[in-house]
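**Q** just need the structure, nothing else, for what follows:
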Amino acid sequence: MIRKITIIFMLVLFIFLFTIPAAAEPPAEPVTVGTAVLVMDAENGQVLYGKETEQQLYPASTTKIMTALLALEKSSLDEMVVVSHQASSVDGSRVGLQPGEKLPMEHLLYMLMLTSANDSAEAIAEHLGGSVDGFAKLMNQRARELGARNTNFTNPHGLPDAEHYTTARDLALIGREAMQNETFRRIAGTVNIKLDRKRYMTPEVLQSVEKLEQVHGPLQEDFYTHNRLLTGSYNGYKGANGIKTGYTVDAGQCIVASARRDGREMIAVVLNSQGANLWTDAAALLNYGFQAFAPVELMRPRQMITDAPVRNGTEEAVLETAGYFYYNFPVDEKPEITRRVELAEIIEAPLEAGERLGELVLEAQGRELGRVPLVTVSAVPRSTTSYPWVWLVGGITTFSFLRWLYVRRCRRRSRLAYPKRKY
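**A** Residues are numbered from 1 along each chain as shown. Sure, this is the predicted structure:
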């Protein structure tokens, strides 16, 4: 009997031990073919993983992210653009824009972003910059504003040029900025669209197009994205919502990809990958961003942090946070967060409510994670005793009063010493 109970106990123990789920291992770093890769949190800009992120490489048609961003910032969607002969004859991927053809900027942007039309890119550049060179200057200026320090653009489409280069980090910054524009986001996430090009053509251009159609077939008016993460081909990615692919022999396969899941959005960059590895590289990077990291809320707006002395103020300033801040930590990490306050060297009244006076610095293990602005909760007026004119008026008043007392005393003494004679 005892032996039977022992055997049953051992069996139960065996089943229990081997059915306990093993602790989940954090995802391994992605293995990618691309020369330079990166995955970034789209909301806070935190780089979660990167390889050769500062290496200068050819971007191919991912260049067109900047072209589209500038077009949206410097023109309206219904703004009409006339295609030049030079734009219509550019090399590489084209949609057959005709010299003299007139289209709204919105149509050109769909052609640019979905089918990577170089003729559309050049038409946009000439319209906004006066020339390709003029537009390239605008592109580089905007890149510097975004912190893309290792980028230089010489054209709006990404055709090979030794002086046309960027980095994975810089492309992520440009893509992140572009995706904050709702119109860009809509266009970049479109799978296909039909555009009526003949509607805007002059009779002369329409006549020329109809002759071409007799030889080369119908004018292209249906446009499909090259981004197979959006369409489900190859490794179609759940939650994918952009952004732009690119390819030349020198640049290899390139992509700036984005995806949104469970309220989080990631941006992945792959430069110089090969063949279908482009899609697996991008998917591996996005997976790593979503699965290997968890966002931790470190600060909310309107949390009171400290008081600050105010020179010539009626009281101290009460400071609160003016922003929301979170940070992505590896899923198996439990961080210890420290905070320190950095204030302006001179804080002087008067102060308005909401005036920025410093920053709250958030750190973990001596590494700075980020900063949150500190602003005044309420106004701090200037003390009346601190105004120079108060002391001046007070001084003059006091002097006048003392002088009046002195004169009055002198006159009294004079009357006592020399009383008036009676006649």
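
**Q** which residues touch residue 352?
**A** Residue 352 makes contact with 376, 379 under the criterion C-beta atoms under 8 Å, 6 or more residues apart in numbering. Quick note: C-beta positions are derived from backbone N, CA and C, even for glycine.

**Q** at 7 Å instead, please
**A** If you count contacts by C-beta atoms under 7 Å, 6 or more residues apart in numbering, residue 352 has them with residue 379.

**Q** that one and residue 320, how far apart?
**A** 14 Å (C-beta to C-beta, to the nearest Å).

**Q** same question, residue 350
**A** 19 Å.

**Q** just residue 73 next, same as before
**A** 33 Å.

**Q** who has more neighbours, these two?
**A** residue 320 (19 against 14; other C-beta atoms under 10 Å).

**Q** what about that one, which SS state?
**A** Following DSSP: H, G, I helix; E, B strand; the rest coil, residue 320 is assigned to strand.

**Q** please look at it and residue 305 and confirm they touch.
**A** Yes. Residue 320 is in contact with residue 305 according to C-beta atoms under 7 Å; the separation is 6.3 Å.

**Q** surely residue 170 forms part of a helix?
**A** Yes. Assessed with three-state DSSP, residue 170 lies in a helix.

**Q** residue contacts, the closest residue to it other than its chain neighbours?
**A** Residue nearest to residue 170 in three dimensions, not counting chain neighbours: residue 148, with 3.6 Å by C-beta to C-beta, 6 or more residues apart in numbering. Contact analysis of residue 148 by C-beta under 7 Å, 6+ apart lists 170, 173, 174.

**Q** is residue 99 in a helix, a strand, or coil?
**A** The three-state assignment at residue 99 reads coil, by three-state DSSP.

**Q** and which of the contacts of residue 148 is nearest residue 359?
**A** Closest approach between those and residue 359, by C-beta to C-beta: residue 173, at 21.7 Å.

**Q** what does that closest one show for phi and psi?
**A** Note on residue 173: its backbone torsions stand at phi -60, psi -40 [degrees, to the nearest 10].

**Q** can I assume it is in contact with residue 147?
**A** Yes. Contact criterion C-beta under 7 Å: residue 173 and residue 147 qualify, at 5.6 Å.

**Q** and the two? Which one has more around it.
**A** More neighbours surround residue 173 than the other of residue 173 and residue 147, with 21 against 13 (other C-beta under 10 Å).

**Q** how many residues are close by the residue nearest to that one when sequence neighbours are not counted?
**A** Leaving aside its sequence neighbours, residue 173 sits nearest to residue 146 (C-beta to C-beta, 6+ apart; 4.9 Å). Here the number of neighbours of residue 146 (other C-beta under 10 Å) works out to 16.

**Q** state the mean pLDDT of the helix or strand hosting residue 177.
**A** Taking DSSP states H and E as the definition, one finds residue 177 inside helix 168-179. For helix 168-179, mean pLDDT rounds to 98.

**Q** between the contacts of residue 148, which is nearest residue 63?
**A** Distances from residue 63 to the contacts of residue 148, taken by C-beta to C-beta, are shortest for residue 174, at 9.4 Å.

**Q** what's the local residue count around the closest one?
**A** 28.

**Q** was I right about it contacting residue 66?
**A** Yes. When contacts are counted by C-beta under 7 Å, residue 174 is listed as touching residue 66 (5.5 Å).

**Q** got the domain ranges for the chain?
**A** Following automatic domain parsing, one finds the domains of the chain at 36-291, 298-376, 384-416.

**Q** quick one: pLDDT of residue 153?
**A** Residue 153 is assigned 98 on the pLDDT scale.

**Q** repeat for residue 407
**A** 69.

**Q** go on, residue 45?
**A** 96.

**Q** now it, what are its backbone angles?
**A** phi 80, psi 10.

**Q** wait, isn't it in contact with residue 177?
**A** No. Counting by C-beta under 7 Å, residue 177 is not a contact partner of residue 45; they are 9.8 Å apart.

**Q** so residue 410, which of the three states?
**A** Following three-state DSSP, the label given to residue 410 is helix.

**Q** so what's the residue count around it?
**A** As a burial measure, residue 410 scores 10 neighbours (other C-beta under 10 Å).

**Q** who's in contact with the residue nearest to residue 173?
**A** Residue 146 is in contact with 173, 174, 177, counting by C-beta under 7 Å, 6+ apart.

**Q** of all those, which comes closest to residue 124?
**A** Nearest to residue 124 among these is residue 174, at 16.0 Å by C-beta to C-beta.

**Q** enumerate every residue touching the closest one.
**A** By C-beta under 7 Å, 6+ apart, the residues touching residue 174 are 65, 66, 143, 146, 148.

**Q** what about the last one, distance to residue 253?
**A** Think residue 148. Distance from residue 148 to residue 253, by C-beta to C-beta: 21 Å.

**Q** just to revisit the earlier point, taking the contacts of residue 174 one by one, which sit in strands?
**A** Secondary structure from DSSP state E places none of the contacts of residue 174 in strands.

**Q** return the member of these nearest to residue 408.
**A** Out of the contacts of residue 174, the member with the shortest distance to residue 408 (by C-beta to C-beta) is residue 146, at 76.1 Å.

**Q** mind checking which helix or strand the residue nearest to residue 181 when sequence neighbours are not counted is in?
**A** With sequence-adjacent residues excluded and distances taken as C-beta to C-beta, 6+ apart, residue 181 is closest to residue 72, at 5.5 Å. For residue 72, the host element (DSSP H and E) is helix 64-74.

**Q** returning to what we had before: what is the nearest of the contacts of residue 148 to residue 368?
**A** When the contacts of residue 148 are compared for distance to residue 368 (C-beta to C-beta), residue 173 wins out at 18.9 Å.

**Q** next up, the contacts around that closest one.
**A** Applying C-beta under 7 Å, 6+ apart, we find residue 173 in contact with 146, 147, 148.

**Q** distance to residue 297 and pLDDT for the residues you listed - can I get that in JSON lines?
**A** Below are these laid out as JSON lines (distance: C-beta to C-beta, whole Å; pLDDT from 0 to 100):
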{"residue": "146", "distance to residue 297": "26", "pLDDT": "98"}
{"residue": "147", "distance to residue 297": "25", "pLDDT": "97"}
{"residue": "148", "distance to residue 297": "29", "pLDDT": "97"}
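
**Q** including distance to residue 244, could the residues you listed go into a markdown table?
**A** Listed next are the contacts of residue 173 as a markdown table, based on distance: C-beta to C-beta, whole Å:
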| residue | distance to residue 244 |
| --- | --- |
| 146 | 16 |
| 147 | 19 |
| 148 | 15 |
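
**Q** with just CA atoms, put the helix holding residue 177 into PDB.
**A** Presented in PDB, the C-alpha positions along helix 168-179 are these (Å, rounded to 0.1, in the frame of the first residue of the first chain):
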ATOM      1  CA  ALA A 168      19.700  54.700 -41.000                       C
ATOM      2  CA  ARG A 169      19.400  57.000 -38.000                       C
ATOM      3  CA  ASP A 170      18.700  60.100 -40.200                       C
ATOM      4  CA  LEU A 171      16.100  58.300 -42.300                       C
ATOM      5  CA  ALA A 172      14.300  57.200 -39.100                       C
ATOM      6  CA  LEU A 173      14.200  60.900 -38.000                       C
ATOM      7  CA  ILE A 174      12.900  62.000 -41.300                       C
ATOM      8  CA  GLY A 175      10.300  59.200 -41.500                       C
ATOM      9  CA  ARG A 176       9.200  59.900 -37.900                       C
ATOM     10  CA  GLU A 177       8.600  63.600 -38.700                       C
ATOM     11  CA  ALA A 178       6.700  62.700 -41.900                       C
ATOM     12  CA  MET A 179       4.400  60.300 -40.200                       C
END
